[in-house]
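S.K.: Everything below, folded, please.
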Amino acid sequence: MAAPRKSAQQLAAREKARAKAREMTERHERLIEMASEFFEQQEQAEQVRAEAQQKADAILAKAEEDATAAVLGSARTVKAMLDSGAAKSDVAARLGLSGTEVKRLAGMVAAAPEITENAGDESPEGAEESAAEAT
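M.R.: As a prediction, the model looks like this:
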């Protein structure tokens, strides 16, 4: 048999090199797409975290408002007990508080009259809902 011509060997070598280059290019393209997916998923994770943080901040702010309102409500109760003629020491003993805490709570009502007035403006519907939740 005759040996293949040099030009035929070169042509085969070029074809082999082109096929290898195509494989490498396709592999690189797949890797680029995978990297793109990775970065999109990372960005999505950060967005989810940021949205969750905003929701958590809103929940905490609402909880703080509710807690402040509840403390003010308890302060109004203490003030009402004092206004009914009960002695500070009697109110403190009944509620398990110190005299200083009773004084502080009574002072809160005087320091926050606008909140007290707004709290008194609640509609009867809200009171009915609260009573329904309590039962």
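
S.K.: got the residue ranges for the helices in this protein?
M.R.: Assigned by DSSP state H, the helices in the chain fall at 6-83, 88-95, 99-111, 113-120, 124-134.

S.K.: Need these in JSON lines (columns: mean neighbour count and mean pLDDT).
M.R.: Where you see a C-beta, it was placed from the backbone N, CA and C, and this is true even at glycine. Output for those, formatted as JSON lines (neighbours: other CB atoms under 10 Å; pLDDT from 0 to 100):
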{"stretch": "helix 6-83", "mean neighbour count": "11", "mean pLDDT": "95"}
{"stretch": "helix 88-95", "mean neighbour count": "15", "mean pLDDT": "94"}
{"stretch": "helix 99-111", "mean neighbour count": "16", "mean pLDDT": "90"}
{"stretch": "helix 113-120", "mean neighbour count": "11", "mean pLDDT": "50"}
{"stretch": "helix 124-134", "mean neighbour count": "9", "mean pLDDT": "42"}
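
S.K.: Please tell me how far the residue nearest the centre of the chain sits from A63.
M.R.: Nearest to the mean C-alpha position of the chain, by CA atoms, centre = their mean, lies A56 at 1.8 Å. Distance, A56 to A63, using CB to CB, to the nearest Å: 10 Å.

S.K.: got any residues that touch both of the two?
M.R.: Both A56 and A63 lack any common contact, where contact means CB atoms under 8 Å, 6 or more residues apart in numbering.

S.K.: Report pLDDT for D121.
M.R.: Turning to D121, the model gives it a pLDDT of 47.

S.K.: start at 106 instead
M.R.: Okay, residue one is now 106; in that scheme the one you just asked about reads as D226.

S.K.: and the closest residue to S179 other than its chain neighbours, what does it touch?
M.R.: Closest residue to S179 apart from its sequence neighbours, by CB to CB, 6 or more residues apart in numbering: L210 at 6.6 Å. Residues near L210 by CB under 8 Å, 6+ apart: 179-180, 183-184, 202.
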